[in-house]
Every structure is written in C-alpha cells, then in structure tokens.
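Undergrad: The following comprises the amino acid sequence and a computationally predicted model.
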Amino acid sequence: MSTDSDAGDADAPDAREADDALPGEYDPDEVESKWQRRWVEEDTYAYDREAALDADTAFSIDTPPPTVSGDLHMGHLYQFTLQDFVARYHRMADPAVYFPFGYDDNGIASERLTERELGIRHQDFTRREFQEKCREVCADYEDAFTDDVQSLAVSVDWDNTYKTIEPRVQRISQLSFIDLYEQGREYRQRAPTIWCPDCETAISQVEQEDADKHTKFNDIHFDLVETGEGPADEDATFTISTTRPELLPACVSVFVHPDDEENAHLVGGTARVPIFGQEVPIIEDERVDLETGSGIVMCCTFGDQTDIEWYQAHDLPLRIAIDESGTMTDLADDYEGMSTEAARAAIIDDLDDVGALVESRNHEHTVQVHERCETEVEYLVTEQWYVEMLDRTDEYLEAGREMDWYPEKMFTRYQHWIEGLEWDWCISRQRDSGIPIPVWYCDDCGETIMAAKEALPVDPLADDPPVDACPECGASDFRPEEDVFDTWATSSLTPLVNAGWDWDAEAEEFTMERPELYQFDLRPQGHDIISFWLFHTVVKCYEHTGEVPFESVMINGMVLDENREAMSKSKGNVIPPEEVTANFPVDAARYWAAGTSIGDDFPYKEGDLEAGERLLQKLWNASRLIDQLTGEPESIEQPADEDLAAVDRWMLAELDDAVASLTEQFEAYEFSKARNELRSFFWNSFCDDYLEIAKQRLDDADGGADARSTEYALLTAHQTFLKLFAPFLPHVTEELWQRLYADGGDGLDSVHTTDWPETRGYEADLAAGETAMEVIAALRRYKTDNGLALNADLDRVQVYGTIAGFEDAVAEAMHVAELETLDEAPEVTTEVTGVDLDYSLVGPEYGSEVGDIDAAIESGEFEEVDGKLEVAGVELDSEMYEIEEARTYSGDGEMIETESAVLIVG
Ligand SMILES: [Zn+2]
Ligand SMILES: [Zn+2]
C-alpha cells in the first residue's frame, strides 16, 4: 500500500478509535499558527542557563540584528531560517542554546523612518529627545518585526533581545570607546578623511565602494614657468590629463615619474595652473601612473588617495576648494558657491575659451562612492576619532584564521579586506542623532576629558564632564564633543552586548553577566558584511578581551530570483516573504531554504516549495499509517535482540546510519546534504520499502512476537524521524509529536526540547538489506502486474544477489514457499534488438545518408567493431548511438532484474 495522500485508511488493521486517529489531511494553516503562538506562550526556546552552567557549556549564537526600517525581505527569511536550523539542532543536541534577537535601530535608516513617520526633523530636538522618539516609532516596527520572525518559526528566545539604541547598549558602546582610548588604541586627528558630501559626514573605508562612471577625460595645458635647468621658453607648455578640472584651484604640484625620460627635464621646475594662475612645483614620484594620459599629473588637495599620500610625503600645502557639502569655496574665485559638477562644466568651457583645453574625450572609470547614498566621496581635512588598526593587521588576520569558516572559502574575503586596508577606522560621524562620543575638551588647552565609566551612558551635549577643572591647565570651561559613533562601532559589540559586558566600578574591572556565552560558538551572517560587521567585531572583541569572539562563522549567500538575478525594487522581481507564506506552509519555505550549500547564492525555487509541501503530506500520511498499525507507544517494549526480526534490525541499523550522518552534517552546517539525505532515506527506504513490508508483516503476524519486533522498529523509527526532521519542519513534527507521543503533563513537552537521537548500536548487513528490499519491491510489482493479491503465495523464487540473512524476511513478506539463493548468475542470452541513434549528432554529420543508415539498422545490417558502429558504409562514433539489447532467460520461470539482484520467479 502506498503512503501517498489518497491512501492509508481503508484496510488498515486495528485502527484506533476514529476520534483519536490523525485526520486524513494535514492542515498547515491551522497547525502552523497554533504552534507559533504556543511556543512563544510556553517559552519553549528560553535559554536554560542552569543547564548551561551545570554542563559548563552553552551553544551561543551571535545573531545579526536587522535594521529596523520597514519590512522583512526574502534575505531575512533565508538567513533567519538557516540560523534556526542551527539553533534547533543544538537545542536538542546540547544542554542549552542561547539564541537572542537584536534590533538595529540606531542607524540613519531608523532616524529617517522616525522623521517620516512623525513628520519631524531631528534638528528640532535635542539628541535625547530625538532618540526617545526613535525608540517610540521603532517600537511599533519592532513589534511587527517580532510577529514576522515568529511567523517564520524562528526559535528565538524572546526574553533575550536588545536594541542598539537602548541605554544599556549605549553604555556598552561608550565603555568600548573609553577602554580603547585607555589602551592607546584610539586617537583624534585633523587629517584628510573620506567624506560624503551628501550625508555631510566622514565615513570609513569600508563604507566606500567602487562605482563605474561615465565622465570626460580632459587634456589641459599648463604653462611651464621653469624647467629643472632654468627659465622655460616664453610659450612652453605641457599637458596633464584629468577627470576633475574643478580641482584646478586646489592644485598644489605636478608630478612626473622618475623613469619618464621624456619629461625628466621638467623635474625641479615650476608650472602655472591655467585660469587660477597659482605656480606649483614639478616633482618626481614613483606613484605616477605612466599608462594613463600624458604621464604628467597634477596633485590637488584632494582628488584621491594618491593625492593624500603625495601631500603627506612631500609636505605640500593644503588648498581647500571644496567644502563639506560639495560646494566650491572662495579659493575657486568665480566658481565659488557652485556644486562640483557645475564648476566642472564651467571650468571646461572656460579652459576652452582661453585655449588651455587640448581635448575633452569620453571616459569610463571607477570612482569611490558612499555605499549608502551612492554619492561620489571627497577627501576633506577634518578632525575625527580613529581606532588604530593598520599597525595590527597581521594580528587581525591571525584572529580570523583562528575561527572555523563555513564555507572555508569565505576566509579569503576577510583576508583580502585586511590586505587592502589603507585607513585606520574613522568612528566619528557628523550626524545629529546616534550614540554620542563621551568626551569633552578643555576650552583653554584642548585637553580631552573622557566621561567616567560609571556614569555611562552620557550625552556631552546635555551632561557635565566628570571634572570641574581641566587636569592639564586648571581652566573650567569645556566644549562637548558633538559627534556620534559610526553605527558599526556599536554593532561590532554584539557578542559583548549578549554576554552582558560591563564595567564594575568597585572591582575596577570589566565583567560579563553571562561569561559562559563568550566566546560565541557561532556568528552567522551574509557575505556582504564580512568587511563591515565581522571584521569590526573581531577587532573590537579582540582588543577588549584578548580573545577571538567566535569559534566559527557561517556565511550565507544572497537570495536570487528564479532566473538567478538579484532581487531589487528597480527590477520589480522582489518576492516578499508574506507572498510565499500565503501560498505555502512555512515548513515548505524552510525546506526550500535548506536547499543550497552554505555560502552559495541561492535562487528562489517554487519547485522546491512544492516538493516541501509534498514531503509534509508524506510525513503526515506515513505517521497516520504507523499510528494505525501500532499499539499505544508506551505499551511497546524493546524486544530482546534475538526476538528482533532481520528486516526490523536492518531498519534500525539504517536509522543508526542516518542519525550518525545527519549529526555530522548538522555539526558542519551542511543543511542541504542533511535535508536531501533525510528526505531520500525517509521517502525511499522507509516509506516505499520498509513501511510496506512492516504492514505486511503485521497483517501476517496478527499480534505475535513478530508483531512486537515490527511495532517496536516502526515506532522507534517514527520518533527518530520526527526528531531528525524537527529542525527543518518544526510545525508538522510538533503537531505529530503532540498527537502521538507528548506526555501531556504540565507545560509543553515539545519535540524541540527532546534530546537529539543517538545511535542505538544495531548492526546489520546494510547492503544485503537494501538488496532484499529491492527483491521485495520487484516481487510486489510482479504480483501487481500479474493481477495477484499481495499476500498470494509464490511457489518458488530464486535470487542471485547478496541477501544473506534476509532470506526469511523476503520469503515471509512476499509469501514465497521456497526461496533459493543462487551462487551463479542465471544463464542469460543477450540479443541485439536495435540501435538508438542520437540524431542531433548523426544528422549534421551524415545529412542525406541518414535515411540509408536508418534502413540498414531496420534490416539488421550493422555491426559494432572496436567501439564504432559500421552501418550503410559509414562508421558512427560511440557517442552517436546506443545498442539496444534484450536479455532473455531460457530456463523455467520469469526473470526479473533489479539494480543489484536477478530473480527467477516460477
Ligand atoms: Zn552619503
Ligand atoms: Zn586645559
């Protein structure tokens, strides 16, 4: 009997009372929301700290706090679900799991959301007032977010959540700043900074990204005033090429490469900048790119990072032509007040008018933009706070090596990021809202006054400094720091936030409220933020604790659409998670999410969701059948080993194998392997083979000793399957567990808090068992094909193939009176019956001859010689054809061949 949806009830023996039995159809709509509610109400996923402390271990996960700015997207669904596989598996396998949830509501996105929602501007409020408003607005969104996450059955412990804007986190963020300062790992410096003229703030290297841009490459004449040897000819000029002529007023020198013989005579001379007229030195430097333009370049303060290097290396003057908002300064004379774009166009026109523009041609190049707003960055001299990093890149690389990477290849992204690091980490931002930098400065001597650790969190704009007089000069007036932290300066502290890191003023030391969590077992996250979140977390935690924060990191890829394109609003191919969960059970979506190797980008596949849905029904139907076939679970005792039937022992041994293999795969985050192996074992070996046999055996045994063996194996296998499927399919497994096995006492006896199955030590010849299953399936087909009842007797069956130990099982299951195993293969004659041509290869090669070839094959006039087919005067290569053969058995009875056995029935 099949376990498919339409079968399973009519002829089941000993069916339990109808009102007790599982309904025929699984109803995910009702079941899923019911369990999502119950799990939260019952605190099913609460962190069991006592168990963790008793066992001296907890599996801790540092989950990514999503930005609170709107709706859940497919990437969330995918990422949360992957994390949940880990959490659910370890909750069953380990003494305790710490699976927290954070809301990142301290960034620009949440501020904009608050302004939009309330119709206010942050500038109209004090920082504290505005943050209060952010927390109010975000609270509603966070509630919605919580509902969404719960509706995906993510097994978060809702008693352990945090918000990056909450005072406790602000305190940790400010503590981190003060600790790094005291360790000498931070400095404040007035220097060129990467600057976003749109956001009007400094940003860090990680926030700039490459963008391709169409622009003009302009060849411009500079007047040569002096060469290296002396005064130049009256009208001597040279050409420089630039994409940014608006920087001409900021030009401070001209550079020539030391290998550039043609221009060597210029070095040591002076040039005059067109239109603006300043005279600048001509200097040699190896950083000149000889490949582009004329080989002579101008240096402006600042057009790019090389300009900054030249400025520092050659001690050049500073000429600032562009201000914080990307507007031209008074240095730009007539162009003052223009945007850089407008000034560029105007200056090109004017260069043309004065005859200094040689050529202006289209050009495509890579520029640096701010990743948040895609505005081209500038480099401005401003005063900022930095975390020193460049001096310890080797240590941070080594720290990265100490963690286990899943997949391993993702380590190279971490490595490449560190190897390309050119800046220390600028952590101050010129924004109004955000976590304040807890510092004041002496008005007289500029001395830096840090807040007292015990007073944190503070807002220097509202709070007083911890001293009445400057410890350096004794003055009593102080200026508050107005800048706030980069959001990554805070989100890089999530392991410390989760572990309850704090300063104990009495003991004068840092403490952790939950030290058993640190270091964290796992950091799960996307590959797009390895350089942002992971790297900065390693830096911060390493500096604060001297330890790498994570045992291992699991890096997931991105969700793509069905055509493997990135989902984006502009392409209109975004699939919202609610659309998916409206059409499919959440368990089916989770089945899909388990379908790709960790780290690979991942297409949305409706086919996988449908397959998931079929699996739920299959699991339901099989459970229903098992429920009908077996007695009360508590009444079934484990039979003595000698009372265990071979086929039952085989199933239990197979199960041991699957448990061992799945345990390894879950430990190694190999979810797609685990999912596929489990599904195939359950569907093929258990449902299609074993369950059919078990039903037959129970039919025949009618309550005898054999029945106990089979009932025991069935129930053991079924309970094990529910547990193995539980991390993937939490709803259907819970529903079945509750209906069939839960103890019904106080509180929820959830399948998700049971112990992960262990191997039971059953031994059987698995290969022989599998061959026996093939033989049984073949005989079942034989009976069906010949119109025989499944329990009809067969007089004699001969088997060639290894089924040692399972002979009786086969004979019993298929009612074979005499089962004989053969030592030698039955005599079989092989006869060629035809040839299957691959016309896509033969056609193009032989064209009009194909008709003749067909005719020759039809009349049997062909011969295979040395792997080629000689036919109709041509020779076909082996890939063009396949010889079709019929194998016939000339003895008594009918021959049936399976993958690993040959049967003679009769
Ligand atoms: Zn920006
Ligand atoms: Zn002072």
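TA: Ah, there it is. Ligands and ions are numbered 1, 2, ... in the order given.
Undergrad: Find the nearest non-adjacent residue to residue 141, please.
TA: Nearest-residue entry for residue 141: residue 68, 5.1 Å, with adjacent residues in sequence omitted and distances by C-beta to C-beta, 6 or more residues apart in numbering. C-beta coordinates here come from the backbone N, C-alpha and C atoms, glycine included.
Undergrad: Tell me if I'm right that that neighbour and residue 110 touch.
TA: Yes: with contact defined as C-beta atoms under 8 Å, residue 68 counts as touching residue 110 (5.3 Å).
Undergrad: and for those two, which residues touch both?
TA: Counting by C-beta atoms under 8 Å, 6 or more residues apart in numbering, the contacts common to residue 68 and residue 110 are 104, 138.
Undergrad: what number of residues lie near the residue nearest to residue 141?
TA: Residues near residue 68, counting by other C-beta atoms under 10 Å, number 27.
Undergrad: all strands in the stretch 1-150 of the chain, in order from the N-terminus.
TA: Assigned by DSSP state E, counting those that start in this stretch, the strands in the stretch 1-150 of the chain fall at 59-60, 97-98, 101-103.
Undergrad: As JSON lines, these with mean neighbour count would be great.
TA: Output for those, formatted as JSON lines (neighbours: other C-beta atoms under 10 Å):
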{"stretch": "strand 59-60", "mean neighbour count": "25"}
{"stretch": "strand 97-98", "mean neighbour count": "26"}
{"stretch": "strand 101-103", "mean neighbour count": "21"}
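Undergrad: between those strands, which gets nearest to residue 749?
TA: Nearest to residue 749 among those is strand 97-98 (17.9 Å), distances taken as C-beta to C-beta.
Undergrad: That closest one pairs with which strands?
TA: Its sheet considered, strand 97-98 pairs with strand 59-60 (parallel) by DSSP bridges.
Undergrad: how distant is the strand it pairs with from the center of its chain?
TA: Mean C-alpha position of strand 59-60 versus that of the full chain (C-alpha atoms, centre = their mean, to the nearest Å) differs by 18 Å.
Undergrad: shouldn't residue 268 be in contact with residue 230?
TA: No: using C-beta under 8 Å, residue 268 is not in contact with residue 230; the gap is 9.8 Å.
Undergrad: Comparing those two, which residue is more hemmed in?
TA: Shown here are residue 268 and residue 230; by other C-beta under 10 Å, residue 268 has more neighbours (16 against 8).
Undergrad: Quick check: the more buried one vs residue 251, distance?
TA: Residue 268 is 18 Å from residue 251, where distance means C-beta to C-beta, to the nearest Å.
Undergrad: and residue 94, how many neighbours does it have?
TA: Residue 94 has 16 nearby residues by other C-beta under 10 Å.
Undergrad: which residues of the stretch 501-650 of the chain fall in helices?
TA: Per DSSP state H, counting those that start in this stretch, the stretch 501-650 of the chain carries helices over the ranges 535-545, 577-583, 586-593, 606-629, 646-667.
Undergrad: Ok, which of the ones you listed comes nearest ligand 2?
TA: helix 535-545 (28.4 Å; C-beta to the ion).
Undergrad: Contacts for the closest one, please.
TA: Helix 535-545 has contacts (C-beta under 8 Å, 6+ apart) with 62, 176, 179-180, 183, 185, 206, 387, 389, 395-396, 399-400, 414, 417-418, 425, 488-489, 491-496, 501, 510, 518, 523, 547-550.
Undergrad: hey, C-alpha coordinates of stretch 251-263 in CSV?
TA: Only the C-alpha atoms of stretch 251-263 are listed here, as CSV (Å, rounded to 0.1, in the frame of the first residue of the first chain):
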residue,chain,number,x,y,z
CYS,A,251,46.3,72.1,-7.4
VAL,A,252,49.5,72.2,-5.3
SER,A,253,52.0,70.4,-7.5
VAL,A,254,52.7,68.5,-10.7
PHE,A,255,54.3,65.0,-10.7
VAL,A,256,56.5,63.2,-13.2
HIS,A,257,57.6,59.5,-12.9
PRO,A,258,61.4,59.1,-12.3
ASP,A,259,61.6,56.7,-15.3
ASP,A,260,59.9,59.2,-17.6
GLU,A,261,62.9,60.3,-19.7
GLU,A,262,60.9,62.5,-22.0
ASN,A,263,59.8,64.7,-19.1
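Undergrad: could you give the mean pLDDT of stretch 504-521?
TA: For stretch 504-521, mean pLDDT rounds to 96.
Undergrad: again with stretch 255-274
TA: Averaged over stretch 255-274, pLDDT sits at 94.
Undergrad: Return the distance of residue 862 relative to ligand 2.
TA: Using C-beta to the ion, to the nearest Å, we find residue 862 at a distance of 103 Å from ligand 2.
Undergrad: State the number of residues packed around that residue.
TA: Neighbour number of residue 862 under other C-beta under 10 Å is 20.
Undergrad: Can you spell out which residues form a bridge with it?
TA: Following DSSP bridges, residue 862 is listed with bridge partners residue 871.
Undergrad: That one contacts residue 855, correct?
TA: No: if you go by C-beta under 8 Å, residue 862 and residue 855 don't touch, sitting 10.7 Å apart.
Undergrad: residues shared between the contacts of the two?
TA: Common neighbours of residue 862 and residue 855 (C-beta under 8 Å, 6+ apart) are residue 872.
Undergrad: Between the two ends of stretch 871-878, how far is it?
TA: The straight-line separation of the ends of stretch 871-878 (C-alpha to C-alpha, to the nearest Å) is 13 Å.
Undergrad: Geometric centre of the protein: which residue is closest?
TA: residue 556 (1.5 Å; C-alpha atoms, centre = their mean).
Undergrad: so that residue sits right up against residue 524, yeah?
TA: Yes: counting by C-beta under 8 Å, residue 556 touches residue 524, with 6.9 Å between them.
Undergrad: Residues that sit against both of these two, list them.
TA: 79, 82.
Undergrad: Would you mind listing what in this protein touches ligand 2?
TA: By the rule C-beta under 5 Å from the ion, the part of the chain lying against ligand 2 is 442, 444, 445, 447, 470, 472, 473, 475.
Undergrad: which of these are buried?
TA: 442, 447, 470 (16 or more other C-beta atoms under 10 Å).
Undergrad: before we move on, what SS does the nearest residue to the second one once chain neighbours are set aside have?
TA: Once its chain neighbours are removed from consideration, residue 447 has its nearest residue in residue 472; the separation is 4.1 Å (C-beta to C-beta, 6+ apart). When states are read from DSSP: H, G, I helix; E, B strand; the rest coil, the local structure at residue 472 comes out as coil.
Undergrad: Same check on residue 247?
TA: Assignment for residue 247 (three-state DSSP): helix.
Undergrad: pLDDT value on it, please?
TA: 97.
Undergrad: what's the neighbour count on residue 843?
TA: Neighbour count of residue 843, defined by other C-beta under 10 Å: 12.
Undergrad: so what's it up against?
TA: Per C-beta under 8 Å, 6+ apart, neighbours of residue 843: residue 850.
Undergrad: Now do the phi/psi pair for the residue nearest to residue 447.
TA: phi -90, psi -50 (degrees, to the nearest 10).
Undergrad: quick one: contacts for it?
TA: 442, 445, 447.
Undergrad: repeat that with 10 Å
TA: 442, 444, 445, 446, 447, 448, 449 (C-beta atoms under 10 Å, 6 or more residues apart in numbering).
Undergrad: repeat for residue 182
TA: Residue 182 touches 450, 453, counting by C-beta under 10 Å, 6+ apart.
Undergrad: State the pLDDT value of it.
TA: On pLDDT, residue 182 comes in at 97.
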